[in-house]
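Chemist: For reference, the sequence and a predicted model appear below.
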Amino acid sequence: MTVAERKAIHVIVRGRVQGVGFRAFVEHHALSRGIEGWVRNRRDGTVEAVFAGDTATVQAMVAACKTGPHGSHVEDIEQRDAVEDDLLALRRQAEIFSCLPTV
């Protein structure tokens, strides 16, 4: 058996993504997939997140964000590779995935 390749992705989601439960949706789906990272609202109306895990699972998480929860409307997802150690450091201690305050 081979070890799955790990990937860390930083995403910014634009559209109607605040006030519709988007962060809770992301947190639920990330935890159910075993993804490490965090999600937070930004004052500019976007949602920002970092996902780390095996490549296929992280890609599936980004795909879930394109759909979002009922009531959301995702217009665009900007994504780039993330430096796992730096960005995952924002998680709360002892949490696999954190829902962080707005910045």
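Modeler: Received it, and whenever you're ready, just let me know what you need.
Chemist: contacting residues around the helix or strand in which Val39 is found?
Modeler: Val39 belongs to strand 36-41 when elements are defined using DSSP states H and E. For strand 36-41, the external contacting residues (Cβ atoms under 8 Å, 6 or more residues apart in numbering) are 8, 18, 23, 26-27, 30, 47-53, 87-88, 90-91, 96-103. Placement of C-beta: from N, CA and C, glycine included.
Chemist: what about Ile96, how many neighbours?
Modeler: Ile96: 16 surrounding residues under other Cβ atoms under 10 Å.
Chemist: show me the contacts for it.
Modeler: Leu31, Gly34, Ile35, Glu36.
Chemist: same question, Ala82
Modeler: Ala8, Ile9, His10, Val50, Ala52.
Chemist: What of Gly53?
Modeler: Contact analysis of Gly53 by Cβ under 8 Å, 6+ apart lists Arg6, Lys7, Arg33, Gly34, Ile35, Glu36, Met61.
Chemist: same thing but at 10 Å, please
Modeler: 4, 6-9, 30, 33-37, 59-61, 84, 96 (Cβ atoms under 10 Å, 6 or more residues apart in numbering).
Chemist: So which bits of the lowest-mean-pLDDT helix or strand in the chain are buried?
Modeler: Scoring the helices and strands of the chain by mean pLDDT, DSSP states H and E places helix 84-88 at the bottom, with a mean of 74. Neighbour counts over helix 84-88 (16 or more other Cβ atoms under 10 Å) mark Glu84, Leu87, Leu88 as buried.
Chemist: Just the element for Ser98, please.
Modeler: In the assignment (DSSP H and E), Ser98 maps to strand 97-99.
Chemist: His70: how many residues sit nearby?
Modeler: 8.
Chemist: That concludes my questions; thank you for your assistance.
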